[in-house]
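Chemist: Quick one: sequence and predicted model below, then my questions.
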Amino acid sequence: MYKNILIPVVFETPEITQTAFDAAQALAAPDARLTLLHVIEAVPVYVAEYIPTDIVTSTREAVQARLDALALSLPGAATAIADGRAGPRATRWAEENGTDCIVIASHQPALSDILLGSVAQYVVRHAKCAVHVVR
């Protein structure tokens, strides 16, 4: 049983996210800390200068609201937002916060995943804690 579980969240796949929640609850110790993490990818500098600051702020607030709504379906869950590339940032967040298991959802692989890699694949290869991949 794990005491500090990280669940990276992608909003585009709610059915897979629920599967990750179910797995995390099954793997969690009774007093476990569960954290839902969404990583916001950085906007390239040449694009960022054309995006109004209020759009960036409102987008971050919308992400937080969606995370908070998801956390309601996972009793006792906390939420976090991080910036960067999803795979590296999730693994670094896990290490910085003493995570002992990452429960990550993975979609069905496509050819682009084989050539470029996926977030779940990155996490599996680089995390310093246990990783549980669900589909």
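Modeler: All right, it came through fine.

Chemist: Give me the distance between residue 63 and residue 127.
Modeler: To residue 127, residue 63 is 23 Å away according to Cβ to Cβ, to the nearest Å. Heads up, the C-betas are built off the backbone N, CA and C, glycines and all.

Chemist: what's the answer for residue 81, then?
Modeler: Distance, residue 81 to residue 127, by Cβ to Cβ: 19 Å.

Chemist: between those two, who's got more neighbours?
Modeler: Per other Cβ atoms under 10 Å, whichever of residue 81 and residue 127 has more neighbours is residue 127, with 20 against 14.

Chemist: quick one: contacts for that one?
Modeler: Contact analysis of residue 127 by Cβ atoms under 8 Å, 6 or more residues apart in numbering lists 91, 94-95, 102.

Chemist: Greatest separation within the residues you listed: which pair is it?
Modeler: Of all pairs drawn from these, the greatest distance, 10.3 Å, lies between 95 and 102 (Cβ to Cβ).

Chemist: and the residue of the chain positioned farthest from its centre, helix, strand or coil?
Modeler: Of all residues in the chain, residue 50 sits farthest from the chain's C-alpha centroid, using Cα atoms, centre = their mean; the distance is 27.5 Å. Here residue 50 is recorded as coil under DSSP: H, G, I helix; E, B strand; the rest coil.

Chemist: roughly how far apart are it and residue 60?
Modeler: 18 Å.

Chemist: Now do the strands in this protein.
Modeler: 2-8, 28-40, 78-83, 101-105, 130-134 (DSSP state E).

Chemist: For the nearest residue in space to residue 124 that is not next to it in sequence, list the residues it contacts.
Modeler: In this structure, residue 124 finds its nearest non-sequential neighbour in residue 131, 5.1 Å apart by Cβ to Cβ, 6 or more residues apart in numbering. Residue 131 makes contact with 101-104, 123-124 under the criterion Cβ under 8 Å, 6+ apart.
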